[in-house]
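Asker: Only the shape, not the letters, is given here:
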């Protein structure tokens, strides 16, 4: 059996295991504390492996490039001096995106803006729900800063999870500043700490009340020397002991052109030997304005730079993939590295053997040994 087919069979089995334990978690057995933590641990492990195994088969979906915070590590304010249009993805553009995704075989959609916040789009839940009906998509993630995760949006989320009969919604990721008002304001540029804290408390209480099993991951972006007690944070936010809660810290940041260096932050130094192209270039990002980009890793778009842009939703897949191939060939054969990739610290070079099970039909032709 081909390696890609083996991986596909393994992942299908893992999906089945996950769904089985989710059902067990939601039965009377899941009310027993010991079994609840066993079930939640197995579900979390399955989710982790599924995402890691299919990390290159990712779609990043930006349904809003408008943001309600001003983070000191983000390029959002720098885009004010560029020709980038800050907008909400229109329904017509989103339908074009769905039309594109029905033609291919990507596994994962992450509703993660390059600059913006998902919840700024008032129809965010309707957009995500439509993604449930894309057969190849097995996992859906979404990112937010939580400022708009109010009671109205929490109830939208509860209804969304209820409608997710295939258990595709994997995790809700929250980007946060420090766990006090002053540090949050310093990192995010807006005085919203108390609001976000209450939003998260209400969200976790409602998820536990409804016996949901979606992972909530809190990611604190903080100065390197800032002390943070993760255990105390969990106790403060999660009084009802929702079991699918993760907390982690991010203390190092990437340098972004035109974003001022802040003396309070530590920046990652890129030391990778980037002779081969990065495998993350096979990911695709759909921007709110209808642009289609090769999604290098975290930031595929710099102010004034379009080196990773493949086209728009009005281009056919073959055209988009030919442009992706040119980017990859320029890197591998001519040493021309796209601007966002030059100092990126998320570089991966595990692309020596291309996946047997391709997400896009054009890949087999473009990246076969004969083509190279």
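Answerer: Okay, I see it. Given the structure is predicted, the values throughout are model-derived calculations rather than measurements.
Asker: leaving aside the residues next to it on the chain, what's closest to the residue nearest in space to the middle of the chain?
Answerer: Residue closest to the mean C-alpha point of the chain, counted by Cα atoms, centre = their mean, is residue 110 at 4.0 Å. Excluding the flanking residues, the one nearest residue 110 by Cβ to Cβ, 6 or more residues apart in numbering is residue 141, at 4.3 Å. No exception for glycine: its C-beta is placed from N, CA and C like everyone else's.
Asker: In a strand, the one you found, correct?
Answerer: Yes: assessed with DSSP: H, G, I helix; E, B strand; the rest coil, residue 141 lies in a strand.
Asker: doesn't residue 171 make contact with it?
Answerer: Yes: in this structure, residue 141 is within contact of residue 171 by Cβ atoms under 8 Å, at 5.2 Å.
Asker: Between these two, which is the more surrounded one?
Answerer: Using other Cβ atoms under 10 Å, the more surrounded residue of residue 141 and residue 171 is residue 141, with 23 against 20.
Asker: And the contacts of stretch 227-234?
Answerer: The set of residues external to stretch 227-234 that reach it, using Cβ atoms under 8 Å, 6 or more residues apart in numbering, is 178-179, 218, 220, 222, 245, 247-249.
Asker: Adding pLDDT, write the residues you listed out as CSV.
Answerer: Formatted as CSV, these follow (pLDDT from 0 to 100):
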residue, pLDDT
178, 91
179, 95
218, 95
220, 96
222, 95
245, 91
247, 92
248, 90
249, 93
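Asker: Where do the helices of the stretch 201-350 of the chain begin and end?
Answerer: For the stretch 201-350 of the chain, applying DSSP state H, counting those that start in this stretch gives helices covering 230-237, 317-334, 339-342.
Asker: any idea which of these is most buried?
Answerer: Ranked by mean neighbour count, those are led by helix 339-342 with a mean of 19 (mean count of other Cβ atoms under 10 Å).
Asker: mind listing the strands for the stretch 51-200 of the chain?
Answerer: Taking DSSP state E, counting those that start in this stretch, the strands of the stretch 51-200 of the chain run over residues 58-61, 108-111, 139-144, 169-176.
Asker: Quick one: the ones you listed as TSV, columns for mean pLDDT and distance to residue 124 too.
Answerer: Formatted as TSV, the strands of the stretch 51-200 of the chain follow (pLDDT from 0 to 100; distance: least, Cβ to Cβ, whole Å):
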stretch	mean pLDDT	distance to residue 124
strand 58-61	89	10
strand 108-111	91	7
strand 139-144	91	8
strand 169-176	92	12
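Asker: Any chance of a markdown table for the ones you listed, columns distance to residue 309?
Answerer: Listed next are the strands of the stretch 51-200 of the chain as a markdown table, based on distance: least, Cβ to Cβ, whole Å:
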| stretch | distance to residue 309 |
| --- | --- |
| strand 58-61 | 14 |
| strand 108-111 | 19 |
| strand 139-144 | 21 |
| strand 169-176 | 24 |
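Asker: what's the closest of these to residue 84?
Answerer: strand 58-61 (15.9 Å; Cβ to Cβ).
Asker: same for the closest one, what does it pack against?
Answerer: strand 108-111, strand 284-286 (3 or more Cβ pairs under 8 Å, 6 or more residues apart in numbering; DSSP states H and E).
Asker: Using CSV, please lay out the ones you listed together with distance to residue 159.
Answerer: Compiled in CSV, the helices and strands packed on strand 58-61 are given as follows (distance: least, Cβ to Cβ, whole Å):
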stretch, distance to residue 159
strand 108-111, 17
strand 284-286, 24
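Asker: Highest mean neighbour count out of those strands?
Answerer: Among the helices and strands packed on strand 58-61, the stretch with the highest mean neighbour count (mean count of other Cβ under 10 Å) is strand 284-286, at a mean of 26.
Asker: What pairs with it, parallel or antiparallel?
Answerer: The strands beside strand 284-286 in its sheet (DSSP bridges) come out as strand 58-61 (parallel), strand 291-294 (antiparallel).
Asker: Reformat the ones you listed as TSV; add mean neighbour count.
Answerer: Shown next, in TSV, are those (neighbours: other Cβ atoms under 10 Å):
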stretch	mean neighbour count
strand 58-61	24
strand 291-294	24
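Asker: can you redo those as CSV with distance to residue 337?
Answerer: Output for the strands paired with strand 284-286, formatted as CSV (distance: least, Cβ to Cβ, whole Å):
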stretch, distance to residue 337
strand 58-61, 20
strand 291-294, 13
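Asker: what about the residue nearest to residue 130 when sequence neighbours are not counted, distance to residue 92?
Answerer: Leaving out its chain neighbours, the residue that sits closest to residue 130 by Cβ to Cβ, 6+ apart is residue 98, at 6.3 Å. Residue 98 sits 11 Å away from residue 92, taking Cβ to Cβ, to the nearest Å as the criterion.
Asker: Distance from the chain centre to stretch 226-245, please.
Answerer: Mean-position distance between stretch 226-245 and its chain equals 22 Å (Cα atoms, centre = their mean, to the nearest Å).
Asker: again, but for stretch 256-264
Answerer: 23 Å.
Asker: what comes up buried for that stretch?
Answerer: By 16 or more other Cβ atoms under 10 Å, the buried positions in stretch 256-264 come out as 256, 259.
Asker: Between the strands of the stretch 51-200 of the chain, which one is closest to residue 117.
Answerer: strand 139-144 (5.6 Å).
Asker: could you list every residue that touches residue 327?
Answerer: Going by Cβ under 8 Å, 6+ apart, residue 327 touches 277, 281, 294, 307-308, 338.
Asker: Now rank the residues you listed by neighbours and give me the top one.
Answerer: residue 294 (26 neighbours).
Asker: for that residue, what are its contacts?
Answerer: 281-285, 300, 308-310, 324, 327, 338.
Asker: Closest one to residue 196 out of these, please.
Answerer: Looking across those and measuring by Cβ to Cβ, the closest to residue 196 is residue 285, at 25.8 Å.
Asker: surely the closest one meets residue 59?
Answerer: Yes: the criterion here is Cβ under 8 Å, and residue 285 meets it with residue 59 at 7.5 Å.
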